[in-house]
Each structure stands twice: as structure tokens, then as C-alpha cells.
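Colleague: below are the sequence and a predicted model for it; my questions follow.
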Amino acid sequence: MADDEIQPQIVTEATGSKTERIEEVAKIASVCTACDLSKTRTRVVFGEGNPEAPLMLIGEGPGQNEDATGRPFVGRSGVLLDECLRENGITRKHVYLCNVVRCRACVFEGGRLKNRPPTPTESEACSQWLNQTIEIVKPKVILCLGAPSASAIIHKGFKMTKERGQWFESKFAKYAMAAWHPAYILRLEGEAYEAARRALVEDIAAARQKVIEAKKEPEMTLF
Ligand code: URA
């Protein structure tokens, strides 16, 4: 990838760099008790990558591997996501990666903890961290991974089958789009798997292209 494409712009604000501000918020979030997920989590998975990056990827929430390590997308989904990013010449240092909820949602079933989707109450409690993350990073483009993320960022009741791959303007970023969640792709087989994987690679390519275009637009500031 050419250096002037998706490379982060280093912006230092009066109150500290984006990296410093994210670290500050992540430290506060690391002891969050705003919902009951705090009782079962091992670690808060705040996010990772480059807070100066123009592209933000947002998943649903951490699973077992993320809960154990404190890092987003480190299980099989993460391996697939990294592959699809790499096919576009992108690594985690070119993006900021986080989730709608920052603690693992799980249920005790059959003698073990199993991942489950977060409840609306848990997502609402966690929205303070999502809002602050976006407010600091100020991504030009957001790529939502899966319906829960798209419902939080683009509009409620987002329908992946109908609306995936389309650009929307959101209050969080001028350009937002949803792509298949890697965990969904991993549940498919054969041609369905190949098609969904290809779609994720293409949606990342579209997001990368949108960043290039957005960087050419004049900044809309009052002063
Ligand atoms: N799935 C997600 O949505 N996020 C992660 O961090 C890992 C798996």
C-alpha cells in the first residue's frame, strides 16, 4: 500500500494525542462496573490498533480468547479478519479495531461458559465507551462487522442481507458501511463460505477506497 493512502495522520490536540486520550479512557474503562458483564469478565477488551487511523472497524463484543487476552479479534474470527485486511494491504496498525461491548457476554450452559449476544441493556451501558472511542479517533470511515454493530452505528434493525455493502451517513462518521462478521463467515461452508469471504475482502477494499476519497474532501470546520 502506498504511504499516502490509508496511513494515519498524526494529530496532536491540546489535551494530548489521540493515543494518549484513548489510553486514558481505556484505563478508566478497565475497572468499569456499569453492567453485570463486569462480574464474569476476565479483562475489559477496550480496542487496539492506531487511534490516529482514518478507518475504524467495529465488531460485536469479545469472546473467550479476547476475554483471556484483553485484545479484540484474536480467535479464529480475528485470524480471518487479519487475512482479509492483509489481502487489501492493511494491517492492524492502519486501523482502529474495537467492539460495541467491551466485556465478554456469556452464559453457563452444559457445564461451561458459552458466548452469547449482549443484551440491549448491556450494549446501552457500554455505549459510553463506544461514544468516547469514536469521539477521540474521529474516523473518516467506519466499517461495521455484523448486524449488532451496524444497528448501533448506522440504524436500528439493520438488515445485513439487504443493506450490507451500502454506504450510509451516520452521526458517528460521514461514511459507514456494514460487512459480514468473520464469525458468521466461519459458520458457512463451500461456495457460501467463499462468497461471504470474498464479500468481506471487497467491503474492506471499498472502505479503503472511501478513506482515500474522504481525505481529498475539504475539512468542514468552523474556525
Ligand atoms: N467477535 C467480535 O465481535 N469481536 C471480537 O473482538 C472477537 C470476536
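Modeller: It's in.

Colleague: which one is the residue nearest the centre of the chain nearest to, not counting chain neighbours?
Modeller: Central residue of the chain (C-alpha atoms, centre = their mean): I58, 1.5 Å from the mean position. Counting by C-beta to C-beta, 6 or more residues apart in numbering, the nearest residue to I58 once its immediate chain neighbours are dropped is S149, at 4.6 Å. All C-beta spots, glycine's among them, are computed from the backbone N, C-alpha and C.

Colleague: one more: P54?
Modeller: Nearest to P54 is K140, by C-beta to C-beta, 6+ apart, at 4.2 Å.

Colleague: neighbours around that neighbour, how many?
Modeller: By the criterion of other C-beta atoms under 10 Å, K140 has 22 neighbours.

Colleague: hang on, it packs against I212?
Modeller: No: applying C-beta atoms under 8 Å as the test, K140 and I212 come out as separate, 9.8 Å apart.

Colleague: quick check: neighbours shared by the two?
Modeller: Residues touching both K140 and I212 by C-beta atoms under 8 Å, 6 or more residues apart in numbering: none at all.

Colleague: now do the same contact list for R76.
Modeller: With the criterion set at C-beta under 8 Å, 6+ apart, R76 makes contact with 182-183, 186.

Colleague: now, of those, which are buried?
Modeller: 182-183, 186 (16 or more other C-beta atoms under 10 Å).

Colleague: before we move on, the earlier item: dump the contacts of R76 into CSV; add secondary structure and distance to the ligand as well.
Modeller: Shown next, in CSV, are these (DSSP: H, G, I helix; E, B strand; the rest coil; distance: C-beta to the nearest ligand atom, whole Å):
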residue, secondary structure, distance to the ligand
P182, helix, 7
A183, helix, 6
L186, helix, 10
